[in-house]
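Undergrad: Structure here, sequence nowhere to be found:
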């Protein structure tokens, strides 16, 4: 299994903060997998914006536009 980018405990705490009384490990792992895929997709789209603008630095504006497009 590949190493996760998101830490398990904060994701579990987030789920509990939103009302989940008990959270299975598999549920946390599923959310982490989803968040990592989403982050990868948004970042790749933002990089397209960066390259289109002939820049090397990815900016928050690139990320904002990518999130609107996805």
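TA: That came in fine, so what should we check first? Note that the structure is a prediction, hence the values are computed from the model and not measured. Numbering: from 1, shown residues only.
Undergrad: Quick check: mean pLDDT of stretch 28-42?
TA: Stretch 28-42 comes out with an average pLDDT of 97.
Undergrad: And it, what's buried?
TA: Neighbour counts over stretch 28-42 (16 or more other CB atoms under 10 Å) mark 28, 31-32, 42 as buried. To be clear about C-beta, it is placed using only N, CA and C from the backbone, and glycine gets the same treatment.
Undergrad: what's the answer for stretch 56-70, then?
TA: 62-63, 66.
Undergrad: cool, stretch 43-56 as well?
TA: For stretch 43-56, burial by neighbour count (16+ other CB under 10 Å) applies to 45-46, 49-50.
Undergrad: Just name the closest of these to residue 10, please.
TA: residue 46 (23.2 Å; CB to CB).
Undergrad: tell me the contacts of that closest one?
TA: Going by CB atoms under 8 Å, 6 or more residues apart in numbering, residue 46 touches 58, 62-63, 65-66.
Undergrad: Against residue 64, how distant is it?
TA: Separation of residue 46 from residue 64 (CB to CB, to the nearest Å): 9 Å.
Undergrad: Quick check: next helix or strand after the longest helix along the chain?
TA: Longest helix in the chain, counting residues (DSSP state H): helix 25-52. Downstream of helix 25-52, the first helix or strand assigned by DSSP states H and E is helix 60-69.
Undergrad: Who are the packing partners of that next one?
TA: Judged by 3 or more CB pairs under 8 Å, 6 or more residues apart in numbering; DSSP states H and E, helix 60-69 is in contact with helix 25-52.
Undergrad: Work out the gap between the helix it packs on and the centre of the chain.
TA: Mean C-alpha position of helix 25-52 versus that of the full chain (CA atoms, centre = their mean, to the nearest Å) differs by 4 Å.
Undergrad: how about residue 66, what does it touch?
TA: Here residue 66 is in contact with 42-43, 45-46, 48-49 (criterion: CB under 8 Å, 6+ apart).
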